[in-house]
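Q: Just need the structure, nothing else, for what follows:
(one chain, ligands or ions: 1)
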Amino acid sequence: MTRVALEREKYAEIKKPDKPLSGEEIEAILQDKLVNVFRKKAFKPLQKEACAEALKGKDILACFPTGYGKSLLYQLPAVAACDGGVTLVISPLLALMADQVRALCEIGIDARLFNSSVATHQVFIDVVRCAALKRMSLMNELMTSNVKVKLLFVAPEGLSNTALMLCLEHLHRKGKFARMVVDEAHCISSWGHQFRPAYRKLSWLKRKFELPITALTATATRRVQDDICLCLRLNAVKFIGSTRRNELFYEVANKGTDSESQRDVSKYIQKIKRNTLKDCDAFSGIVYCHTRDQCHVMAQVLSNGGVVAKAYHAGLGVKERARVQQAWMEGAAEVVCATVSFGMGIDKTNVRVVVHYSLSNSLESYYQEAGRAGRDGKRAFCRLYYCTKDAETRRYLLMKELQLQKDKNRKRKSTADTGSDKRVKSLNRIGKITDAIPTEESANNDIEPAPEPTGELTNSRDAIQSLNRMIRYCETLKCRHVAFSAHLGDLDDYSLQDCKLHCDVCAAQ
Ligand SMILES: Nc1ncnc2c1ncn2[C@@H]1O[C@H](COP(=O)(O)OP(=O)(O)OP(=O)(O)O)[C@@H](O)[C@H]1O
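A: As a prediction, the model looks like this:
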């Protein structure tokens, strides 16, 4: 084909409006899609503004609290854009993407999951009843001249797939590649709490495709926000919401002996269950435990107290994990006793209680994990059990882990030996009882997840500071909402006022 013919083909399918849409026209389109496609009555603050900027082709950085509705900021523009095209969504977890795809398909939006290993993940896909096509047929669809796909989800690691890259280049040439979205964008930053190396590599996206990018996160300090913009080369319009979630009651409880504390957790959950069932017909909760054994013990203790509870951790195997998650989503299991590998990106709106039986690694992690409660905006409870002995143990384990990391790096430098499985083994020796945040691979294979190199590990001083901040949160006599707001860089001075009644510290005054 001649160059002219190629150019003609390139532009033939683009139906751009003659002149840019006016502000009122954009607003009308967004309102129409919000109500008629997404079945929402009204926008939450800043949602409409962020969608409008996206429709104008701007880069967006959006930081809103967990459960706020950040997904709408890319889903609505993807559906509302009159020149169509595919929006590529880069997201960290298969389960999270499958859930989004299922929900979008249910409301009639053509969303697909590019799964770099469809066969091994088939069981997961079956479980969430996701209508993901096999890779080849998806590829074929993306290559057709009249591509219908609106949203294409992929894990950052999936972008190294050559076939996918060819498709994206083809779409780009045809003017059918509309926007890129980086969900959980804090994973880009080594200052962030879930740093993931494959995310850092996304910096080439802007250079290659020169398309607008939307970056979304719930947990980015100002430093992390800046790092996201720098890394993704964003000239971003920023939408930073307050982290304040007044529907959540935060508290820290003293942790005594294991048996005392387990009984206490059981009584606490029973009380919340009783109160919840006065007004609703379902109760749902999560108890985060540090070790796999604790997950089982806690599930047993809760079951003995009349709460239907199940254990969940990466040691269970993919089918069992999927079964537990499904039972919890459907309400057959009331409480899941899990390691932190559970819950990221799961949109279950009616979680009334999240208990941490031990410390999170950082305040951001805790904010995100506790934030899985109350996504329907109704009252929910977040309790963390703390004692100084736990803090000391955590410090000790972290120091050992960092030392191992240092030794490993030194060794790698001298021998140029990657030795990744040795690292996993050595990390497992001291921390084998814990689960790291799962990667796409680990979340779906029946193998032990390799601990992800995290921000904490890449910089020892930061790791220790993060843990110390978490400990200070437990020991503070200041409003817990203010602690989050101050740390997560809320711009709104008002939000730094005490919550009055939404945490144990303020309630006790
Ligand atoms: N304008 C709105 N009105 C009512 N509900 C909304 C609105 N926008 C989003 N939601 C709902 O809020 C819930 C949470 O949305 P979403 O999953 O996008 O949250 P999120 O901000 O991505 O949270 P997280 O960071 O925890 O993943 C969803 O059930 C979604 O349908």
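
Q: Any buried residues in stretch 320-336, and which?
A: 321-325, 327-329, 333-336 (16 or more other CB atoms under 10 Å). In short, each C-beta sits where N, CA and C put it, glycine included.

Q: Stretch 168-181 and the ligand, are they touching?
A: No. Counting by CB under 6 Å from any ligand atom, the ligand has no neighbours in stretch 168-181; the shortest distance is 11.2 Å.

Q: From the buried residues of stretch 320-336, which land in strands?
A: 335-336 (DSSP state E).

Q: Out of the buried residues of stretch 320-336, which is nearest to Cys167?
A: Ala322 (28.7 Å; CB to CB).

Q: Which helix or strand contains the residue of the chain found nearest the ligand?
A: Of all residues in the chain, the one sitting closest to the ligand is Gly69 (2.5 Å; CB to the nearest ligand atom). Following DSSP states H and E, there is no helix or strand that holds Gly69.

Q: give me every residue that touches it.
A: 44, 47 (CB atoms under 8 Å, 6 or more residues apart in numbering).

Q: State the phi and psi torsions of it.
A: phi 120, psi 40 (degrees, to the nearest 10).

Q: avg pLDDT for the longest helix anywhere in the chain?
A: Longest helix of the chain, by residue count under DSSP state H: helix 388-415. Helix 388-415 shows a mean pLDDT of 84.

Q: try stretch 483-503
A: 77.

Q: Same question for it: list its buried residues.
A: By 16+ other CB under 10 Å, the buried positions in stretch 483-503 come out as 483-485, 487-488, 490, 495, 499, 502-503.

Q: and if you look at stretch 274-294?
A: So, applying 16+ other CB under 10 Å, buried residues of stretch 274-294: 276, 283-292, 294.

Q: I figured Arg379 hits Glu247, correct?
A: Yes. Here Arg379 lies in contact with Glu247, judged by CB atoms under 8 Å, at a distance of 5.7 Å.

Q: about what we covered before: from the buried residues of stretch 320-336, which shows the smallest pLDDT?
A: On pLDDT alone, Ala322 ranks lowest of the buried residues of stretch 320-336, at 85.

Q: who in the stretch 351-500 of the chain is up against the ligand?
A: Counting by CB under 6 Å from any ligand atom, the residues of the stretch 351-500 of the chain lying close to the ligand are 371, 375.

Q: Take stretch 189-206, keep the C-alpha atoms, and write them as CSV.
A: In CSV, the C-alpha atoms belonging to stretch 189-206 read as follows (Å, rounded to 0.1, in the frame of the first residue of the first chain):
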residue,chain,number,x,y,z
SER,A,189,6.7,5.2,42.9
SER,A,190,9.4,3.6,45.0
TRP,A,191,8.3,6.1,47.6
GLY,A,192,4.9,4.5,47.5
HIS,A,193,3.8,1.6,49.6
GLN,A,194,3.2,-1.0,46.9
PHE,A,195,6.0,-0.3,44.5
ARG,A,196,6.0,-2.6,41.6
PRO,A,197,9.0,-2.5,39.1
ALA,A,198,6.8,-3.3,36.1
TYR,A,199,4.8,-0.1,36.9
ARG,A,200,8.0,2.0,36.8
LYS,A,201,8.7,0.8,33.3
LEU,A,202,5.4,2.4,32.1
SER,A,203,7.4,5.6,31.6
TRP,A,204,7.8,4.7,27.9
LEU,A,205,4.1,4.8,27.3
LYS,A,206,3.8,8.5,26.8
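
Q: what's the neighbour count on Leu234?
A: 21 (other CB atoms under 10 Å).

Q: quick one, domains of this structure?
A: Using the TED database, the domain parsing of the chain gives 21-240, 248-390+469-508.

Q: So which bits of the stretch 151-300 of the chain are right by the ligand?
A: Residues of the stretch 151-300 of the chain lying near the ligand (CB under 6 Å from any ligand atom): Ala218.

Q: so where's the stretch 151-300 of the chain shaky on pLDDT?
A: 190-194 (pLDDT under 70).

Q: which residue ranges form the helices in it?
A: Counting by DSSP state H, counting those that start in this stretch, one finds helices in the stretch 151-300 of the chain at the ranges 162-173, 197-200, 204-209, 222-232, 258-279, 292-304.

Q: Thanks a lot, catch you later.
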